[in-house]
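Student: Dropping a prediction and its sequence here:
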Amino acid sequence: MVHKTSAVHLLARIPSYLNLLDRYGVQWEELRSPTPGHVLYEDDVQVVVDPRH
C-alpha cells in the first residue's frame with residue numbers, strides 16, 4: 001500500500017469538476033467514511049475501494 005501524506009493539491013481541483021458536472025446535469029454524490037472498504041487498486045494519487053467489504 002502506498003502511503004499518502006496529503007491530497008490537498010488534488011482536492012483543490014474538485015469544485016471546478018463538480019461545477020462542470022452540475023452545468024451538464026450530471027448527478028453526483030459525495031460519500032465519506034472512516035472505513036471506506038477493501039482496497040482494490042492504489043497508486044500515488046488514487047485509491048479504488050469496494051465498500052461492501
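Tutor: Nice, I can see it. Numbers count the residues shown, from 1 in each chain.
Student: The helix ranked longest in the chain - what's its average pLDDT?
Tutor: Taking DSSP state H as the criterion, the chain has its longest helix at helix 14-23. Taken as a whole, helix 14-23 carries a mean pLDDT of 96.
Student: Need the CA coordinates for it. CSV is fine.
Tutor: Output in CSV follows, covering the C-alpha atoms of helix 14-23 (Å, rounded to 0.1, in the frame of the first residue of the first chain):
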residue,chain,number,x,y,z
ILE,A,14,-12.8,19.1,-7.1
PRO,A,15,-15.1,22.2,-7.0
SER,A,16,-14.4,23.0,-10.7
TYR,A,17,-15.1,19.4,-11.7
LEU,A,18,-18.4,19.4,-9.7
ASN,A,19,-19.4,22.7,-11.3
LEU,A,20,-18.8,21.1,-14.7
LEU,A,21,-21.0,18.1,-13.8
ASP,A,22,-23.7,20.5,-12.5
ARG,A,23,-23.6,22.5,-15.7
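Student: and that helix, how far from the chain's centre?
Tutor: Offset of helix 14-23 from its chain centre (C-alpha atoms, centre = their mean, to the nearest Å): 14 Å.
Student: Contacts for it next, please.
Tutor: Outside helix 14-23, the residues within contact range by C-beta atoms under 8 Å, 6 or more residues apart in numbering are 27-28. Yep, even glycine has a C-beta here, placed from its N, CA and C like the rest.
Student: next SSE after it?
Tutor: Note on helix 14-23: by DSSP states H and E, the next helix or strand toward the C-terminus is strand 38-42.
Student: next structured bit after that next one?
Tutor: strand 47-50.
Student: List the neighbouring strands of that next one plus their orientation.
Tutor: strand 38-42 (antiparallel) (DSSP bridges).
Student: What is the burial count for Glu30?
Tutor: As a burial measure, Glu30 scores 6 neighbours (other C-beta atoms under 10 Å).
Student: What does it show for phi and psi?
Tutor: The phi/psi pair for Glu30 (degrees, to the nearest 10) reads phi -90, psi 130.
Student: Roughly how far does it sit from Gly37?
Tutor: 16 Å (C-beta to C-beta, to the nearest Å).
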